[in-house]
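# Would you be able to build a 3D model of this:
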Amino acid sequence: MRAAEEVQPTKQRALMLALERRGEEWQESLEELARLAETAGVEVVGTVTQRREKPDPVYFVGKGKAREIRQVRGDAGADVLLVDGELRPGQQRNLEEAAGMGVLDRTGLILEIFARRAQSRAGKIQVELAQLSYLLPRLAGKGTELSRLGGGIGTRGPGETKLESDRRRVRRRLRILQKQVERIGKRRAVERRHRQEAGVPVAALVGYTNAGKSTLLNSLSGAEVFVEDLLFATLDPIIRRVGLADGREFLAVDTVGFIRNLPHQLVAAFHATLEEVIEADVLVHVVDASHPQMEEQIDAARRVLGDLACAEKPTVMAFNKCDLVDDRARLTERAAREAHAVLISAATGEGLEELLRLVGERLEQALVTVELVVPWRAQHLLSEAHDRGRILAEEFVEEGVALTARVPEDVAQRLRHAAGAGERGGEEE
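This next block holds a predicted model:
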């Protein structure tokens, strides 16, 4: 058979399962699950729902509905059941037996996408850690099998290797991965320290997945960052230098996108990556203004930022894709409710000058004013104050240099410490 005639692998087919709960946006959540399935390369061939206020402790849905899924599966020719929720290990096993096919919950599906998206060694390590943390409690009763579905999604496994079913061996692998993630965190901490010493502030691009952060980074910096209309197109932090109109520069960091109910295993495993958000001077919250669930996505991103203790960081709200919005007046009114917001289009360049002006303002507001005497023996701190802040006044005095400056808080702390040590040294003499 010629190469052109080779049979392409059949796309995996999935049923989706969701609970209809009063007062919840279950339909929007189900639509997002379909987008996740598309990102994972799965074709959705049907949907099953049940009205319940809380999941059944045994099957997630009622026992009768679980058996009904088996019939629907045969009619639709489905291979896997995707559940819009988080299943306990027992629920997952029971639902698999009742439905007669592999089952993957929302967390498992997101982990699958991360496994496919991870390109760098650091990204693969972090994904493997998250997958094993998720799969470990699901090993019971699976014999030598750790992968869930016997083909297609759920069977790649961390690192595309055959995983040991023995819990002790898996825990040993987890410990190894945790140490590797710790080393990744230490290495990135050193890189951040070097950037701080270089005197360039950092603005982290954050927001819901597929809001356009990578496109924005490309537009601001002229970089060629991978961009695709898929969820979680970017996993590893990407850093580019961006210039402001007044000649100052900052580093823009593109980070992993957020999503509602972001699996806690991912938050833990990607902590070394999310620290770029934690350590940033300013956040640029990129919003897909054209999305019908824009407000829900804003709330979901803010919840993740709250979990990272970043909710109070200086922030600029960038309402992206404004060129795709019909009711601009309504969007303008919505943006006006934020303290620092701008309508932009990363694709066309609209609003980017105003965005940079706001980022510059917020970077300035992230500085604190210090007025003190830097002793002679700590003069190396003066160069850091010059590099990372703005010198308002400088005068040579007997004890050192009388300095008035606006600098980042970490520099201010070192200056205060040096000034305090100088005063104590003078008293002792």
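
# List the residues that contact Leu372.
By CB atoms under 8 Å, 6 or more residues apart in numbering, the contact list for Leu372 reads 402-403, 415-416, 419. C-betas here are computed from N, CA, C, even on glycine.

# Helices - which of those land there?
Among the contacts of Leu372, the members falling in helices (DSSP state H) are 415-416, 419.

# May I ask which of those residues has the most neighbours?
Counting neighbours by other CB atoms under 10 Å, Leu415 comes out on top of those with 23 neighbours.

# Would you mind measuring from that one to Ala252?
Distance, Leu415 to Ala252, by CB to CB, to the nearest Å: 27 Å.

# swap in Leu356?
10 Å.

# more neighbours, these two?
Using other CB under 10 Å as the criterion, Leu356 and Ala252 rank with Ala252 on top: 23 against 20.

# the strands in the stretch 51-200 of the chain, which residues?
For the stretch 51-200 of the chain, the strands defined by DSSP state E, counting those that start in this stretch cover 80-83, 102-105.

# secondary structure class for the residue most central in space within the chain?
Residue closest to the mean C-alpha point of the chain, counted by CA atoms, centre = their mean, is Val256 at 3.3 Å. Counting by DSSP: H, G, I helix; E, B strand; the rest coil, the backbone at Val256 sits in coil.

# pLDDT weak spots in this protein?
Across the chain, the ranges flagged by pLDDT under 70 are 1-10, 23, 139-166, 195-199, 223-236, 264-265, 268-273, 421-429.

# Now do the buried residues in the helix ranked longest in it.
Looking across the chain with DSSP H, the single longest helix is helix 167-197. Using 16 or more other CB atoms under 10 Å as the burial criterion, the residues of helix 167-197 that qualify are 170, 173, 177-178, 180-181, 184, 188, 192, 195-196.

# Stretch 53-66 now?
Here stretch 53-66 shows 55-56, 59-61, 65-66 as buried, counting by 16+ other CB under 10 Å.

# Alpha carbons of it, as PDB, please.
Presented in PDB, the C-alpha positions along stretch 53-66 are these (Å, rounded to 0.1, in the frame of the first residue of the first chain):
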ATOM      1  CA  GLU A  53     -29.000  18.300  43.000                       C
ATOM      2  CA  LYS A  54     -26.000  16.300  44.000                       C
ATOM      3  CA  PRO A  55     -24.000  13.300  42.500                       C
ATOM      4  CA  ASP A  56     -25.000   9.800  43.500                       C
ATOM      5  CA  PRO A  57     -22.300   8.400  45.800                       C
ATOM      6  CA  VAL A  58     -22.100   5.100  43.900                       C
ATOM      7  CA  TYR A  59     -22.500   5.900  40.200                       C
ATOM      8  CA  PHE A  60     -22.500   9.800  40.100                       C
ATOM      9  CA  VAL A  61     -25.900   9.500  38.300                       C
ATOM     10  CA  GLY A  62     -28.700   7.100  39.400                       C
ATOM     11  CA  LYS A  63     -28.200   3.400  38.900                       C
ATOM     12  CA  GLY A  64     -30.900   3.300  36.200                       C
ATOM     13  CA  LYS A  65     -29.300   6.200  34.300                       C
ATOM     14  CA  ALA A  66     -25.900   4.500  34.500                       C
END
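
# what's the spacing between it and its chain's center?
Relative to its chain's centre, stretch 53-66 lies at 31 Å (CA atoms, centre = their mean, to the nearest Å).

# Pop the domain breakdown of this protein in here.
The domain map for the chain lists 9-185, 200-365, 368-428, with the assignment taken from automatic domain parsing.

# hmm, back to that, look up phi and psi at the residue nearest to the centre of the chain.
Val256 adopts backbone torsions of phi -60, psi 140, taken as degrees, to the nearest 10.

# and what of Gly349?
phi 90, psi 0.

# so where does the nearest residue to it once chain neighbours are set aside fall, helix or strand?
Setting aside the residues directly before and after it, Gly349 is nearest to Ser219 in space (CB to CB, 6 or more residues apart in numbering), at 6.2 Å. In the assignment (DSSP states H and E), Ser219 maps to helix 213-221.

# helices or strands next to that helix in the packing?
Under the contact definition 3 or more CB pairs under 8 Å, 6 or more residues apart in numbering; DSSP states H and E, helix 213-221 sits against strand 202-207, strand 238-243, strand 249-254, strand 282-288, helix 352-365.

# Parallel or antiparallel, list what pairs with the second one.
Strand 238-243 sits in its sheet next to strand 249-254 (antiparallel), going by DSSP bridges.
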